[in-house]
Structures are given as C-alpha cells and as structure tokens.
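Asks: need a structure here:
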Amino acid sequence: MSHITPANSRIVKLIIPVTLFFCSSASPAQNNLTGTQQLTARMIAIPAGSFLMGSNDARVAEEPVHRVHVSAFKMAETEVTQQQWQIIMGTNPAKYKNCDNCPVEQVSWNDIQLYLKKLNNKTGKQYRLPTEAEWEYACRSGGKNERYCGGNKRDNLGWHLNNSDKTPHQVKQKDPNGLGLYDMSGNVFEWTQDCWNSNYD
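Replies: Numbering: from 1, shown residues only. Have a look, this model is predicted:
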C-alpha cells in the first residue's frame with residue numbers, strides 16, 4: 001500500500017473511502033455542546049525541514065525525487081472521525097457507519113472545503129488540508145527514508161488490504177509514526193489541498 005497519491009487526487013491510505021487530515025497553527029477546539037468532546041484531534045507540531053520527496057522505485061506519478069523545504073505546521077494526530085464530521089455537518093456520509101471513532105469517508109474535496117469552512121467559523125481557527133509535500137513529510141516522520149509511515153513493519157503501522165477485512169477501523173489502533181501521527185500507512189485514503197502535477201517547478 002503506497003502513500004503517494006494517484007494522478008488525480010492527493011490522497012493516501014488503503015480502502016476506497018476518502019477522508020482527511022487537516023493542518024493548522026491552532027490548538028484543538030472543544031465542542032460547545034458538551035464542553036468536553038473535541039471537535040478536532042490533538043494537533044501535533046511538525047518542525048520545519050527539507051526532505052527528498054517522491055520515489056524512483058514506485059509509480060511514475062511519484063517521480064522525480066526532488067528536494068522540498070517544508071515550513072513548520074501542525075497536523076491532527078488522526079483522521080477526522082465520523083463523530084467529528086457529524087457534529088459540524090449534521091450528517092454522516094460514511095459507507096461504514098455506526099463507528100463514531102472510525103474515519104469519515106465518502107467525502108469529496110469540495111465536501112471537505114465546506115466542512116473546514118464550517119469548522120473554522122465555529123472555532124475561530126484556520127484549519128486546512130495539508131499540501132502534498134506537507135503530507136508526505138509528516139507521513140515520513142519528518143522526511144525520513146521509511147518504507148511505511150513510521151518504519152518498515154506494515155502490520156504494526158496500519159490497516160491494509162490483508163489485515164483490515166476490507167473495512168475502516170477506529171483511529172489510533174495501530175502504532176503512530178515518529179511524529180505521533182496515526183493511520184498514515186493505511187485505514188482509508190486521504191485528501192490533500194493541492195493536486196498532483198507532473199511539473200514540480
């Protein structure tokens with residue numbers, strides 16, 4: 001299971017559903033309804049750095065390997081859950097329902113933009129999707145040369161075709177990567193803010 005996306009969308013995970021991680025310079029917001037239920041996952045500080053983005057050993061869409069500098073940012077430690085989506089949007093579009101702590105899926109890039117707009121209005125923060133470069137840098141524990149996001153043991157790091165029963169699972173059931181981010185190597189596909197482009201210049 002690869003973590004660099006197909007040509008028409010910036011994603012990466014496992015099953016067919018698409019979900020999202022998001023970035024911010026903000027702290028997690030609290031749900032006004034209960035005062036305790038978080039609207040967002042804990043935000044992890046990702047330090048600035050440079051790394052070699054892409055791969056020469058994978059699909060053509062991941063070539064050429066090129067050096068990229070990433071500014072510091074924060075990323076949610078998990079994908080957005082069905083419960084978090086439901087609180088903001090009032091609906092749950094997921095195919096695999098009845099799992100509040102499972103990532104929301106079956107959402108388009110445009111759905112996510114509306115979700116983020118509503119989340120930002122509710123919290124007063126500025127959440128957004130990560131760029132492809134930010135996502136890969138964070139996935140690879142700050143740009144390390146790892147086979148999977150967090151190391152070389154796929155089963156320890158994520159749900160994939162051979163261990164998932166072809167269904168999403170609750171977040172944080174596998175080991176985090178080196179930055180403390182969960183499910184970067186499996187569970188569901190993820191969107192990024194920008195689209196794949198063959199010209200990196």
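Asks: Next, the buried residues of the longest helix along the chain.
Replies: Assignment by DSSP state H gives helix 109-123 as the longest helix of the chain. In terms of neighbour count (16 or more other CB atoms under 10 Å), helix 109-123 has its buried residues at 109, 111, 112, 115, 116, 119, 120, 123. To be clear about C-beta, it is placed using only N, CA and C from the backbone, and glycine gets the same treatment.
Asks: Packing partners of that helix?
Replies: helix 82-89 (3 or more CB pairs under 8 Å, 6 or more residues apart in numbering; DSSP states H and E).
Asks: Low-confidence bits of the protein, can you list those?
Replies: 1-37, 56, 58-63, 148, 151-152, 154-159, 161, 163-164, 196-201 (pLDDT under 70).
Asks: Now with 80, please.
Replies: 1-38, 54-64, 144-167, 174, 186, 188, 195-201 (pLDDT under 80).
Asks: Would you map the strands across this protein?
Replies: 18-20, 23-24, 43-46, 49-53, 66-70, 73-76, 189-191 (DSSP state E).
Asks: possible to save those as a markdown table with mean neighbour count?
Replies: Listed next are these as a markdown table, based on neighbours: other CB atoms under 10 Å:
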| stretch | mean neighbour count |
| --- | --- |
| strand 18-20 | 26 |
| strand 23-24 | 22 |
| strand 43-46 | 18 |
| strand 49-53 | 15 |
| strand 66-70 | 15 |
| strand 73-76 | 22 |
| strand 189-191 | 26 |
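Asks: So for residue 132, which of those strands sits nearest?
Replies: Ranking the strands of the chain by proximity to residue 132 (CB to CB) places strand 49-53 first, at 8.2 Å.
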